[in-house]
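>>> For reference, the sequence and a predicted model appear below.
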Protein chains: 2
Amino acid sequence: MQMNKVTFLPHQREIEVPAGESLIRAALNAGVHINASCGGEGVCGKCRVLIEQGEVAEGVSERLSAEDVAKGYRLACLSEVTADVVVRIPVESSIDVSVLNKQASTRRKATIKHIDFNSLKEQGLFIPPVEKKFLQLSPPDVQNNMPDVTRLIEYLKLQSDEHKLELTLAVIRKLPDVLRQNDFKITITLVRPVRDNGKTLIIDVQPGDTTAANYAVAMDIGTTTVYGQLIDLSSGECLGEYGEFNGQISYGEDVISRIIYAEKPEGRKKLQEVVVATINKVIGEILRQAKVDGDNIATITLAGNTTMTQLLVDIEPRYLRRAPYVPASSLYPPFSAVTIGIDINPKVIALLYPVVSSYVGGDIVAGVMGSGLYRSEKLTLYLDIGTNAEIVIGNRDWLACTACSAGPAFEGGGIEFGMRASKGAIEDFSLDPVTFEPMLLTIGNIRPKGICGSGLINMTAEMLEMGVINNRGHFNRDLNTPRIRCNNGIWEYVLAWREETLIDRDISLSEPDIDNLIRAKGAIYSGCMTLLEEVGLTMDKIEHIILAGGFGSYIDLDRAMTIGLLPEIEADRVTFIGNGSLLGARMSSLTKRIRKDVVEVTKKMTNFELSETPSYMSNYVAAMFLPHTEIEKFPRTKQRIEGRGRQ
Amino acid sequence: MQMNKVTFLPHQREIEVPAGESLIRAALNAGVHINASCGGEGVCGKCRVLIEQGEVAEGVSERLSAEDVAKGYRLACLSEVTADVVVRIPVESSIDVSVLNKQASTRRKATIKHIDFNSLKEQGLFIPPVEKKFLQLSPPDVQNNMPDVTRLIEYLKLQSDEHKLELTLAVIRKLPDVLRQNDFKITITLVRPVRDNGKTLIIDVQPGDTTAANYAVAMDIGTTTVYGQLIDLSSGECLGEYGEFNGQISYGEDVISRIIYAEKPEGRKKLQEVVVATINKVIGEILRQAKVDGDNIATITLAGNTTMTQLLVDIEPRYLRRAPYVPASSLYPPFSAVTIGIDINPKVIALLYPVVSSYVGGDIVAGVMGSGLYRSEKLTLYLDIGTNAEIVIGNRDWLACTACSAGPAFEGGGIEFGMRASKGAIEDFSLDPVTFEPMLLTIGNIRPKGICGSGLINMTAEMLEMGVINNRGHFNRDLNTPRIRCNNGIWEYVLAWREETLIDRDISLSEPDIDNLIRAKGAIYSGCMTLLEEVGLTMDKIEHIILAGGFGSYIDLDRAMTIGLLPEIEADRVTFIGNGSLLGARMSSLTKRIRKDVVEVTKKMTNFELSETPSYMSNYVAAMFLPHTEIEKFPRTKQRIEGRGRQ
């Protein structure tokens, strides 16, 4: 990817950004504040900047006079970086040079972990559990008329050194005709045993040589969304990926409401059917994308939380939500995918990721496997943040896990102007330290409609650092700005005035909103602390953080550490794996090792019920501050807040 | 059973018969000839006998005057033996005292082999592959909330020393509710592994203690009939048995015509459906008989010939009847019985007996297993006689097998008055050595309709011994009896005159009929000889004969040896096992040992294709005599024939 250098004057801040990045986002990521209140749509006209060297694409607007354009003025939100460029922030835009001293951190995301197929190979871990082999058997005659299956097995023994073979009834059914269709030249599909002394199962036979077409499907069955990937088992590549809302959403947004629905007559059956319908839609789409014949899919791996897992295979979920919160099973046997209604060729054996407890499910186990955490020497904190946050701590020798209810704040729930991370959601935010005017960027660069979870974290962190709120999340009532006001007894900060929004109302962030965020981040942080204490460790021993889940990818690490959601750690020691559940499902298709190891790993994952751990409540109360009661745990945040104080 | 002694005068022949036996059958079995031509119906009145001591029940007829009855005369065919009795055959009935010198052998049946359940136990072989266990688990609490399956497995490890356990998805589905239905008291059904290091599979869980109800179904899928037995796995007893014509009969009488039908569009599907419909009818009936709940059936074992096996599981059979006669598979994996349409609870795993070749099928393998032949030290000839005869020779160290086409003579096919063994078929026969008048008994003791296979053997043997036919099956044209005649150029013996029959025609046995029998017995005998030669042995090394099949049970051993169908051997070294296929299926339910051993035994069974064995044709030609070209192979028959010659 082509990178361009952008230099902001008078700050002299430099940043490398990919070609096509908008200038205003480059500024925000460089920690340079530019007033902006329309979300990046180009209508407020506040983000006027002067291009001093180089050129940007676009950036012209009716908000700029022809004269200004000729001088080199552009709107930062409309400008695309296409080459190295030097940009001056005019005084009227930056308002005050004191902005130069703003202590804001630059934006840092976690390292994104890509499965490097070659590295798997180098580590000797590329052992696809399903293989194809092309064979040329000799036809029978009366002197040599052993059964077709015997002929196949004898050939494999002598010519391929394959032993301990078993065939499915379906293969026995196909074999006689397939053998005679192409002069006893066939391709067989072999599923390797999980245990070392197990049997290799032959699940398909096709006429001629079809070894090039050998695919797997990996699926994450999320409460909200179902994702699928089509994996080429020869190359390890992902040939198609598709996500779709879980059809169960119509029957309840979260797992609890699904469980309640499942208790209605026919409810469980309905939920099973609709999630399978979603799965079928996803499989259809990835096959369409990849232009692959479904007959060459050999295996499907599915991972989901415990409720999704039980509902998928039609198991009563009621005991999951009632004390003592007992799941039906940890491990599931492989089963024929068609038997639960999956629209796939009948040879496909489905593997379902094991679960640990009612609230630490197969999605988390999949993340632990797929991320390689279970093979790591480093003490690692694995965190999947959503309405429920799941926490795993450990390394290759031991693993402890728990789950806590973070509440819906990260998904915009319980926040007055909260919304999911979709178009019009304010996701990035900066404050002018003198005027307290905002710089806000929305998803899709349109006028704001609301605030998404990552935006909420960013603005809370920024306000804490700028002294707009204190460590309890209360607004500084003494600041001289019309944006902080008391509305019907509730203090709030106006992010965008009515005329700047798409919803014809002032969009604001209130103290109750911040309080909800504090509760959410407090629950997670104290969950991590409690789990560490249970195994006799402390936060500072964490060597590596793995963030999983859709939300994790949007998190600004420094901001998340500033509010005390994550412990302070170097950004290069934080890895983001995206959808850990999908990653684990995919990795299971590429390496038999995981299918084997997952049984032991799941047994090893010691589950802690926070409700049964007395220290959890005191840890939670201590975490109900920004960033924490003991600010010493967050030295960098402490330094920035105190630095501001000294100005 | 109460046995009574019957003494026949003037012959002074004694025989023990069970109470209720008819007097005429007792005479026949004692080798005492009494003229009788109405099959035992009491209408010809020829079988007048005088009761000299003791009494018989019934025996009175309008054919006897009141005076005769008062003197003690009875009709032998209507008299039932109920006590020890002395019976005189009057001169007018025995016709001539020369009958005293008749060399006829007494009737001897093979020893009937019953599975002695206790002897299985004594041998340590009663190891049912499916077991039930009652468990009392402790309920979970928040300190101890492991998944239900884990709780079950931990309990079994600690309390029952059960390891290597696996559960089906269906059991995982049931477990949560079943556990909580009866305070965590449950009964589980375990299927033991076939291999020693294999896993035990838990296939069911029921609330409370249901250990007393644990059943298996054993089935023989014959071309003509389908038999089923319900086995109590606690006691080993058979609780119900039922046979039904195979519904496929409408689509062809024999396997060849079924295979041809299967090649029609939808033909194979149709045949699969109708045989399963028959199976379902049989299962329904045995459950009804035993008043057992089908939910407590845990396993089903099926055995059938190769064509029946392939049609049952919907496998193309066309290659079975075309050179080089290749079956699809020898071994079949266990499969869920419901998947092929069997109407049984879904936990039931079906086991299908392996086959050896296109014409040595699972029915024969089942017989080899069920009869214990594969564990025997003695050199054994196993013979299943039908349209096709299957032959196995060997012992616990080696096994050779083959099949030959005997033609339909034993089932009455190709015989002018041939019929299946049903009511009205002449099954027993004796000849007066002077007058050549017959004594004939029919099944059901009604007037004759025709001749069944065992009758055919008996009359051919009797005629050979009496010199009525020669060793080529040609009638002695010089005998002074109206019963031997040439009808339209074909020589025949009239068994019953028109007015004595139920079909309003003379019933006779012709030279072409005898020729067909000679071809049938010759095919079988030469098959045995050829197989023995192939392994370097001769007939006289045979230490034990096992006869299987419905037909075998009706065979009179001495008569079968007289015509050269079986080698001469002491009757106590011949065992009749009845339906060997059903026996093997049943034994598989009672001892895991067979499920394990059958894999090796099947591999060990070396198949010989007679058509590819040059000596078969010369052996066949040599066997086209009564009893054989080399009469020295049949010393007893030789002696009887020569003894007659010396009179």
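Alright, I've got the coordinates.
>>> going forward, measure contacts and count neighbours with C-alpha atoms only.
Noted.
>>> how about the residues of chain A that lie near chain B?
A:140-143, A:145-150, A:166-169, A:172-177, A:313-316, A:319, A:323-330, A:332-333, A:335, A:357, A:612 (Cα under 8 Å from any Cα of the partner chain).
>>> Could you rerun that using 6 Å?
With Cα under 6 Å from any Cα of the partner chain as the criterion, chain A meets chain B at residues A:141-142, A:145, A:147-149, A:173, A:176, A:315, A:324, A:326-329.
>>> Apply the buried test to the residues you listed and list what passes.
Among those, the ones that count as buried by 16 or more other Cα atoms under 10 Å in any protein chain shown are A:145, A:147-149, A:173, A:176, A:315, A:324, A:326-329.
>>> Just flag the most distant two among the residues of chain A next to chain B.
By the measure Cα to Cα, A:142 and A:324 form the most distant pair in the residues of chain A next to chain B, at 66.7 Å.
>>> Can you give me every residue that contacts the residue in the stretch 151-300 of chain A that chain B sits nearest to?
Per Cα to the nearest Cα, residue A:173 is where the stretch 151-300 of chain A lies closest to chain B, at 4.9 Å. By Cα atoms under 6 Å, 6 or more residues apart in numbering or on different chains, residue A:173 lies in contact with residue B:315.
>>> Report the buried residues of the helix or strand containing it.
Here residue A:173, judged by DSSP states H and E, is contained in helix A:169-181. Within helix A:169-181, the residues scored as buried using 16+ other Cα under 10 Å are A:169-179.
>>> now for the helix or strand just after it, which elements pack on it?
Using DSSP H and E, the helix or strand that follows helix A:169-181 towards the C-terminus is strand A:185-191. Using 3 or more Cα pairs under 6 Å, 6 or more residues apart in numbering or on different chains; DSSP states H and E, the elements in contact with strand A:185-191 are strand A:130-136, strand A:200-207.
>>> Averaged pLDDT, the last one. What do you get?
I take that to be strand A:200-207. Strand A:200-207 shows a mean pLDDT of 97.
>>> Show me what the helix or strand just after it is in contact with.
Next helix or strand after strand A:200-207 toward the C-terminus (DSSP H and E): strand A:215-221. Contacting residues not belonging to strand A:215-221 are listed as A:226-233, A:297-304, A:581-582, A:585-586 [Cα under 6 Å, 6+ apart].
>>> and the angle from strand A:215-221 to strand A:130-136?
Here the directions of strand A:215-221 and strand A:130-136 differ by 160 degrees (axes from the mean of the first three to the mean of the last three Cα atoms, to 10 degrees).
>>> mind listing what the next helix or strand after strand A:215-221 pairs with, with the direction of each?
Downstream of strand A:215-221, the first helix or strand assigned by DSSP H and E is strand A:225-232. Looking at strand A:225-232 with DSSP bridges, its partner strands are strand A:215-221 (antiparallel), strand A:238-245 (antiparallel).
>>> Drop anything exposed from the contacts of strand A:215-221.
Neighbour counting over the contacts of strand A:215-221 (16+ other Cα under 10 Å) leaves A:226-233, A:297-304, A:581-582, A:585-586 as the buried ones.
>>> show me the contacts for residue A:317.
Per Cα under 6 Å, 6+ apart, neighbours of residue A:317: residue A:259.
>>> Recalculate using a threshold of 8 Å.
A:259, A:262, A:307, A:310-311, A:327-328 (Cα atoms under 8 Å, 6 or more residues apart in numbering or on different chains).
>>> Could you do residue A:460 as well?
Shown in contact with residue A:460 (Cα under 8 Å, 6+ apart): A:469, A:514, A:563.
>>> Over to residue A:252?
A:258, A:261 are the contacts of residue A:252 under Cα under 8 Å, 6+ apart.
>>> got it, and residue A:635?
Per Cα under 8 Å, 6+ apart, neighbours of residue A:635: residue A:568.
>>> Mind doing that once more with 10 Å?
Applying Cα atoms under 10 Å, 6 or more residues apart in numbering or on different chains, we find residue A:635 in contact with A:562, A:568, A:641.
>>> So which of these is the closest to chain B?
Nearest member of these to chain B, counting by Cα to the nearest Cα, is residue A:568, at 33.0 Å.
>>> Pull out the buried residues from the helix or strand containing residue A:289.
Element membership of residue A:289, judged by DSSP H and E, is helix A:267-290. Under the neighbour-count criterion of 16+ other Cα under 10 Å, helix A:267-290 has A:267-287 buried.
>>> Of the helices and strands packed on strand A:185-191, which stretch is the most buried?
strand A:200-207 (a mean of 22; mean count of other Cα atoms under 10 Å in any protein chain shown).
>>> Across the sheet, point out what pairs with the spatially closest residue to residue A:39 that is not a sequence neighbour.
Distance criterion Cα to Cα, 6 or more residues apart in numbering or on different chains; nearest residue to residue A:39, sequence neighbours excluded, is residue A:441 at 4.2 Å. Beta-bridge pairing of residue A:441 under DSSP bridges involves residue A:39, residue A:428.
>>> Contact partners for residue A:441?
So residue A:441 contacts A:24-25, A:28, A:36-41, A:77, A:424-430, A:447-448, A:455 (Cα under 10 Å, 6+ apart).
>>> Among the residues you listed, which ones are in strands?
A:36-39, A:425-430 (DSSP state E).
>>> May I see the buried residues of the strand or helix carrying residue A:601?
Here residue A:601, judged by DSSP H and E, is contained in helix A:592-604. Across helix A:592-604, burial judged by 16+ other Cα under 10 Å covers A:592-595, A:598, A:601-604.
>>> any idea which of the residues you listed is closest to residue B:210?
Proximity of these to residue B:210, judged by Cα to Cα, is greatest for residue A:603, which lies at 31.5 Å.
>>> Could you check how far that closest one is from residue B:81?
Distance, residue A:603 to residue B:81, using Cα to Cα, to the nearest Å: 75 Å.
>>> for residue A:570, same thing?
Separation of residue A:570 from residue B:81 (Cα to Cα): 105 Å.
>>> And for residue A:366?
The value you get for residue A:366 to residue B:81, if Cα to Cα is used, is 81 Å.
>>> Looking at the two, which is more packed in?
residue A:366 (33 against 27; other Cα atoms under 10 Å in any protein chain shown).
>>> Look up phi and psi at that one.
Taking degrees, to the nearest 10, you get phi -60, psi -40 for the backbone angles of residue A:366.
>>> That one is in contact with residue A:351, isn't it?
No: applying Cα atoms under 10 Å, one finds residue A:366 not in contact with residue A:351, separated by 11.6 Å.
>>> May I ask which two of the buried residues of helix A:169-181 are separated the most?
Spatially, the most separated pair among these is A:169 and A:179, at 15.7 Å (Cα to Cα).
>>> element containing the closest residue to residue A:26 other than its chain neighbours?
Distances taken as Cα to Cα, 6+ apart place residue A:17 nearest to residue A:26, at 6.7 Å, with adjacent residues excluded. Assessed by DSSP H and E, residue A:17 sits inside strand A:13-18.
>>> And for that strand, what's in contact with it?
Everything outside strand A:13-18 that qualifies as a contact, by Cα under 10 Å, 6+ apart, is A:1-8, A:23, A:25-27, A:29-32, A:80-86, A:100, A:106.
>>> Buried subset of these, written for PyMOL?
Of those, the buried ones go into a single PyMOL selection, burial set by 16+ other Cα under 10 Å:
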select buried, chain A and resi 3+4+5+6+7+8+23+25+26+27+29+30+31+32+80+81+82+83+84+85+86+100+106
